[in-house]
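A.B. asks: Next input, structure requested:
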Amino acid sequence: MAARGRDKARQWAWTPRQVAPGEPIATPPGLLGPSTFTSPLPDHVREEVPAAAAAAVVATADALMAGTGELLGTVRSDLVAPDWFHDPVTGRRAPASEFAFRIDHRDEDVTGNVKAVWELSRHHHLSLLATAYWLTHDERYAERVDQQLRSWWGANPFLSGIHWTSGIELGVRLISWAWIRRLLHDWPKVADLFETNQVALAQIAWHQQYLAAFRSNGSSANNHLILEAAGRVVGACAFPWFAESDRWRADAIAQFERAYRDNTFASGVNRELATDYHRFVVETAALVGAEAAAAGTRLSEQTWALVAASFDAAAALPDATLGPPRQGDGDEGRALLVDAPTLTPWAGMLDLGRHTVGPLAWWPPTSGSVLGPMVGALAGGARTASARPSTRPSCFPDAGIAILRSAPGDGPEIWCRCDGGPHGFLSIAAHGHADALSVEVRYDGVEILVDPGTYCYHGEPEWRSYFRSTRAHNTIEVDRLDQSVEGGPFLWSTQAVTVVDQVETDDAARQFWAAHHDGYARLQDPVGHRRSVSLDSRERRVSILDRLSSTGRHEVALSFHLGPLVEARLDDGVAQLSWPGRHGIERARLELPDELEWSTHRGEVDPPRGWYSPRFGERVPTTTILGRGVIGRTASLGSGLQFTPDHPGAGGHHG
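C.D. replies: Numbering: from 1, shown residues only. Model prediction:
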């Protein structure tokens, strides 16, 4: 609170520093000049980029040149000369000239959907165009980047408008600008765009000054703080053109290393316990390490070891098709975008790890990327770290994550994630969901029991609440209440505490997990919930046992959310499931406890039930199987998911 009070005082003290749109921009004070860019990519790196990855980038860039691209689930057709303040979701226009610290960016009536407004100004579409130039030397791409950067810089002078209201946005922009300059290095006009452009120099200095002064702190010191520090490191290393650059760089590296350590479990898992943010943060760390190395300095060995642990965790968690867990929030955030959207982010992140920390023998194979060779070359090659796991981990006790996985010889992989970790990070747990003891189950990479995803952050509060609610997850809801109490779209006023009681994953034939949580201890008549999950690899079965205890009677609801490919037929306490697989139609039987009354729901809106968000900004109907009933004192509810592959050679039982 004290830090935020100081920030508020500084914000108002900076009022005279605002530069209005159209106002002349002076040479930034402290400019050392003449400015030179000293960290281009070696020419040989282009040869290391897989042809398919390069072709995909060029195809994406050509669509952008025609004005078309997709951002956060919304197709844009206005990207030839975009309005940097337009919200394509609501049609509103965010403030462009108002003093930034007077803008309430949480009020959609003021800004529109602010995340949609901010996203384009991260300039990922421009880094893709710059990558296309780097790959082809076609100057059309460079000219478009030049036009749009000059447009943005002119429309967004210091502290004017919506794009100066959030530090993470400034941090990501600095990273994009550094790489745009690097990728355009062979373009004859690049120095006119950056080194000798007074407006560009002012913007770089303003971004550094802002981030040095205003830092996410307290309960907000999560991925925002990491990206703010990362932008500072990259900006100070790539553009060391100011008298304060050395001080900015040293302070930013120290800030980044503290923030990364504070945000990461010893196992390498990100403490926000939101899988997509794990990817976002570890990609950022690799970029920071590479940029520091290119500038002649290095992150500490301890930080690199933690980065390696984060990559190893990322390699251990996915299913057989590289599908990662879907735990917690995810908004597809990227610190840098140089690959086409056809490359899945998790595969791209693992390829980045191969080039920066080196793969272990058990890492899954991945297709190549553009990003990996680039960052690896800038870093000077992969850095090795000691004490990395010799075999693929299945449990991350500090994060409360357990992956139950069938043995390869028993047929297509059955993958099951069990959630027994903290609710989220710090007091607000901004990106956590009320999902204690929930499970995800996949068969040969196909989602059978799903985590619903995120869908939205701003603008649709009922949907934001639904996708992070207990009823949206594969767990038990008591008395129509969430396990944790929501205090706002990025705030939980109470947080369920989950304890893992037992994990057995050494025997590939039969694996077991058990945990409990205290989320309903807050009720006048407290209710305890314990769950155990077992996976029998040879029998091709996942069994779930829920035990509830109280002194009175309570309404309970047990939800099973099916993947979007799964069809279900409810028949006398059994749900017959089917879905298209690699060998034709696959089948399973979901056996449901008799103590509850069962129904199916799909695409309902009042209240929301039966929805799945494949990516941020999108939601599609899916089937939810819901059991309701009243329990008294104690109850044991047993469920079983029996897979019955029809094709020869699958192993297990055939139906």
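A.B. asks: Next secondary structure after the lowest-mean-pLDDT helix or strand in the chain?
C.D. replies: The helix or strand of the chain with the poorest confidence is helix 2-13; it has a mean of 86 (mean pLDDT, DSSP states H and E). The first helix or strand that comes after helix 2-13 along the chain, using DSSP states H and E, is helix 45-48.
A.B. asks: What residues of the helix or strand following that following helix count as buried?
C.D. replies: Later in the chain than helix 45-48, the nearest helix or strand by DSSP H and E is helix 51-65. Going by neighbour count (16 or more other CB atoms under 10 Å), the buried part of helix 51-65 is 53-54, 56-58, 60-61, 63-65. In short, each C-beta sits where N, CA and C put it, glycine included.
A.B. asks: Looking at those, spot the one nearest A116.
C.D. replies: L64 (17.3 Å; CB to CB).
A.B. asks: which residues of the stretch 251-400 of the chain score low on pLDDT?
C.D. replies: Nowhere does the stretch 251-400 of the chain drop to pLDDT under 70.
A.B. asks: re the thing from before, would you list the buried residues of helix 51-65 in CSV and tack on distance to G30 and pLDDT?
C.D. replies: CSV is the format used below for the buried residues of helix 51-65 (distance: CB to CB, whole Å; pLDDT from 0 to 100):
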residue, distance to G30, pLDDT
A53, 40, 98
A54, 40, 98
A56, 42, 98
V57, 37, 98
V58, 40, 98
T60, 38, 98
A61, 36, 98
A63, 41, 98
L64, 35, 98
M65, 37, 98
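A.B. asks: coming back round to it: so what touches the least confident helix or strand of the chain?
C.D. replies: Residues outside helix 2-13 that contact it (CB atoms under 8 Å, 6 or more residues apart in numbering) are 101, 213-214, 217-218.
A.B. asks: what about 10 Å?
C.D. replies: 99-102, 159, 213-221 (CB atoms under 10 Å, 6 or more residues apart in numbering).
A.B. asks: so Y455 sits in a helix?
C.D. replies: No - secondary structure assignment places Y455 outside any helix; it is coil (DSSP: H, G, I helix; E, B strand; the rest coil).
A.B. asks: who's in contact with it?
C.D. replies: So, once contact is read as CB under 10 Å, 6+ apart, Y455 ends up touching 73, 329-331, 463-464, 466-468, 472, 608, 611-620.
A.B. asks: Among the residues you listed, name the ones in strands.
C.D. replies: Using DSSP state E, the members of the contacts of Y455 that fall in strands are 608, 611-612, 620.
A.B. asks: buried subset of those?
C.D. replies: Buried subset of the ones in strands among the contacts of Y455 (neighbour count, 16+ other CB under 10 Å): 608, 611-612.
A.B. asks: From those, pick the one nearest A295.
C.D. replies: Y612 (44.0 Å).
A.B. asks: For the closest one, give the beta-bridge partners.
C.D. replies: Assessed by DSSP bridges, Y612 has beta-bridge partners V620.
A.B. asks: quick one: it and H561 touch, right?
C.D. replies: Yes - using CB atoms under 10 Å, Y612 makes contact with H561 at a distance of 7.2 Å.
A.B. asks: Spell out which residues are contacts of both of those two.
C.D. replies: Common neighbours of Y612 and H561 (CB under 10 Å, 6+ apart) are 447, 450-452, 472, 622-624.
A.B. asks: Which one of the residues you listed sits in the busiest neighbourhood?
C.D. replies: Neighbour counts for the shared contacts of Y612 and H561 (other CB atoms under 10 Å) peak at A472, which has 29 neighbours.
A.B. asks: residues touching the nearest residue to it once chain neighbours are set aside, list them.
C.D. replies: Closest residue in space to A472, ignoring its immediate chain neighbours: P452 at 4.6 Å, by CB to CB, 6 or more residues apart in numbering. Taking CB under 10 Å, 6+ apart, we find P452 in contact with 326, 433, 435, 466-469, 471-474, 559, 561, 608, 610-613, 619, 622, 624.
A.B. asks: P452 belongs to a strand?
C.D. replies: No - according to three-state DSSP, the state of P452 is coil, so it is not within a strand.
A.B. asks: phi, psi of it?
C.D. replies: The phi/psi pair for P452 (degrees, to the nearest 10) reads phi -70, psi -20.
A.B. asks: Same check on A285?
C.D. replies: Phi and psi for A285, reported as degrees, to the nearest 10, are phi -60, psi -40.
A.B. asks: Just list the residues touching it, thanks.
C.D. replies: Contacts of A285 by CB under 10 Å, 6+ apart are 226, 230, 256-257, 260, 263-264, 299, 303-304, 306-308, 310-311, 335, 356-357.
A.B. asks: With pLDDT and distance to L577 added, can I get the buried ones among the ones in strands among the contacts of Y455 in CSV?
C.D. replies: Below are those laid out as CSV (pLDDT from 0 to 100; distance: CB to CB, whole Å):
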residue, pLDDT, distance to L577
P608, 97, 22
W611, 98, 18
Y612, 98, 15
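A.B. asks: Going through the contacts of helix 2-13, which ones are buried?
C.D. replies: 99-101, 159, 214-216, 220-221.
A.B. asks: thinking again about what came up before, if you look at the contacts of Y455, which of them are in helices?
C.D. replies: Of these, the ones assigned to helices by DSSP state H are 463-464, 466-467.
A.B. asks: and the residues you listed as JSON lines, adding neighbour count, distance to S77 and pLDDT?
C.D. replies: Output for the ones in helices among the contacts of Y455, formatted as JSON lines (neighbours: other CB atoms under 10 Å; distance: CB to CB, whole Å; pLDDT from 0 to 100):
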{"residue": "W463", "neighbour count": "17", "distance to S77": "25", "pLDDT": "97"}
{"residue": "R464", "neighbour count": "20", "distance to S77": "27", "pLDDT": "97"}
{"residue": "Y466", "neighbour count": "20", "distance to S77": "30", "pLDDT": "98"}
{"residue": "F467", "neighbour count": "23", "distance to S77": "28", "pLDDT": "98"}
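A.B. asks: Tell me the one of those nearest E108?
C.D. replies: Using CB to CB, these come closest to E108 at R464, 12.0 Å.
A.B. asks: surely the closest one meets C456?
C.D. replies: Yes - with contact defined as CB under 10 Å, R464 counts as touching C456 (5.6 Å).
A.B. asks: Overlap of the contact sets of these two?
C.D. replies: Counting by CB under 10 Å, 6+ apart, the shared contacts of R464 and C456 are P489.
A.B. asks: Flag the shaky bits of this protein, pLDDT-wise.
C.D. replies: Applying pLDDT under 70 to the chain flags the ranges 1, 645-655.
A.B. asks: Centre-most residue in it?
C.D. replies: Nearest to the geometric centre of the chain sits D276, at 2.4 Å (CA atoms, centre = their mean).
A.B. asks: pretty sure that one is in a helix, no?
C.D. replies: Yes - the assignment for D276 (three-state DSSP) places it in a helix.
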